[in-house]
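Chemist: Fold the following, please.
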Amino acid sequence: MDFLLSDIHDDLASSVDALLTKADTPALARAWAAGDRAPAQGVFRQLADIGVFGLLIDESHGGAGAGAVEMVVALEQVGRHVLPGPIVESVAVLPVLLRGTVAEERLPALAEGALSSVAIAPMSPRAADADVADRIYVVEDDSLSTATVESTARSVDPTRTVSTVRAAEAVAEGVDGDRAAHAGALGTAAQLLGLGGAMLTIASEYALSRTQFGRQIGSFQAVKHHLADVAIALEMARPLVHAAALGVDGAVPEGVDVDRDISAAKVAAADAAYLASRRALQVLGAIGYTAEHDLSLYITKTRALVTAWGTQAQHRERILESL
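Modeler: Numbers count the residues shown, from 1 in each chain. Here you go, the predicted structure:
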């Protein structure tokens, strides 16, 4: 298989990166955590305008008709810029759930940037960021229903909430909840790659600017080894994410277990991002965990997403069962 991205994918990544860089997403995330959602909602509309929200939605419903590879390319940049909100649920999970059902008339609203959240047990028994979603759903067995919130709790990530929801009105029967949950795991893996890459950049830049004993701390062998370990972990995880996306798009040999590949991608990306958070904090010291430093936003979001759309234990068990 060819894991190299095409010019189209590079252009997509560059477009999302440029848009989110201009938006100053760390400031936007702090505003979101403080209850001001307007700046982020403006960015969501811009992402919808360049087609990110409609990547997995066919053209007949207002989407781009792209695939999972394009989705992970875009969501890696979303992670790199620590954008808050139920992005994976809106971009990856709901398009898969609604596609081919009697509720697919709701797809155009998603393509236009409407935020949605969904709970699908056992991978995601609670709905993320339901308090800001235009629509909330829950999947029980093979039934998709709108949902109402029973209770909401703060996550370790100050920009994220998780809500216990209950079914309200039935929307569609015969939905593939497992397939949608897999899409959520793959999208989250892509976000974690972006988070890990951003933390590696933050730590590397700090190591080049900080001096001790008259030398850049980045010249110390221990610091070099710490950052090299992160770089290796991220580069080992990225092909797994891309291979899983190719599997979802049907571009793999017959007999490949795509679900297993998605679980492997989620485990590797989560481990790499978590390692990046630990090593970045070691390089920066305590200042990296203060609310004033951008690294704290990345650390807390990483910690929240490591268990989002399936814990490491759940995905490792799936891998083990497939062997």
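Chemist: C-alpha from now on. contacts and neighbour counts both.
Modeler: Noted.
Chemist: Could you report the separation of residue 229 from residue 213?
Modeler: Look at residue 229 and residue 213: by Cα to Cα, to the nearest Å, they are 25 Å apart.
Chemist: Just confirm residue 301 is within a strand.
Modeler: No - according to DSSP: H, G, I helix; E, B strand; the rest coil, residue 301 belongs to no strand; its state is helix.
Chemist: which residues touch residue 151?
Modeler: 163-165 (Cα atoms under 8 Å, 6 or more residues apart in numbering).
Chemist: which ones among these are found in strands?
Modeler: Counting by DSSP state E, those place 163-165 in strands.
Chemist: which one of residue 229 and residue 213 has more residues nearby?
Modeler: residue 229 (14 against 6; other Cα atoms under 10 Å).
Chemist: Now restrict the contacts of residue 151 to buried residues only.
Modeler: By neighbour count, with 16 or more other Cα atoms under 10 Å, these hold 163-165 as buried.
Chemist: Does residue 56 touch residue 71 like I think?
Modeler: Yes - in this structure residue 56 lies within contact range of residue 71 using Cα atoms under 8 Å: 7.3 Å.
Chemist: Give the residues shared as contacts by those two.
Modeler: 91-92.
Chemist: Could you point out which residue ranges in the stretch 101-250 of the chain have low pLDDT?
Modeler: For the stretch 101-250 of the chain, residues meeting the criterion pLDDT under 70 lie at 218-219.
Chemist: Just after the one helix or strand residue 246 maps to, pick out the following helix or strand.
Modeler: Assigned by DSSP states H and E, residue 246 falls within helix 221-248. Next along the chain after helix 221-248, taking DSSP H and E as the criterion, comes helix 258-284.
Chemist: can you give me how far that following helix is from the chain middle?
Modeler: Centroid separation for helix 258-284 versus its chain: 12 Å, with Cα atoms, centre = their mean, to the nearest Å.
Chemist: tell me the angle of that helix relative to helix 221-248?
Modeler: For helix 258-284 against helix 221-248, the angle by axes from the mean of the first three to the mean of the last three Cα atoms, to 10 degrees is 160 degrees.
Chemist: begin at 400 from here
Modeler: Renumbered: residue one is now 400, and that last one reads helix 657-683.
Chemist: Would you mind listing the buried residues in helix 657-683?
Modeler: Neighbour counts using 16+ other Cα under 10 Å place 657-676, 678-680, 682-683 of helix 657-683 among the buried residues.
Chemist: Relative to residue 416, which of the contacts of residue 550 is nearest.
Modeler: residue 562 (30.0 Å; Cα to Cα).
Chemist: circling back to that earlier point, and the helix holding residue 645, what does it pack onto?
Modeler: helix 467-479, helix 576-608, helix 657-683 (3 or more Cα pairs under 8 Å, 6 or more residues apart in numbering; DSSP states H and E).
Chemist: what's near enough to touch residue 639?
Modeler: Contacts of residue 639 by Cα under 8 Å, 6+ apart are 660-661, 663-664, 667.
Chemist: brain fart, residue 616
Modeler: By Cα under 8 Å, 6+ apart, residue 616 lies in contact with 606-607, 609-610, 622.
Chemist: Switch those residues over to CSV; also include distance to residue 490 and neighbour count.
Modeler: Listed next are those as CSV, based on distance: Cα to Cα, whole Å; neighbours: other Cα atoms under 10 Å:
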residue, distance to residue 490, neighbour count
606, 36, 21
607, 37, 13
609, 39, 14
610, 43, 13
622, 37, 18
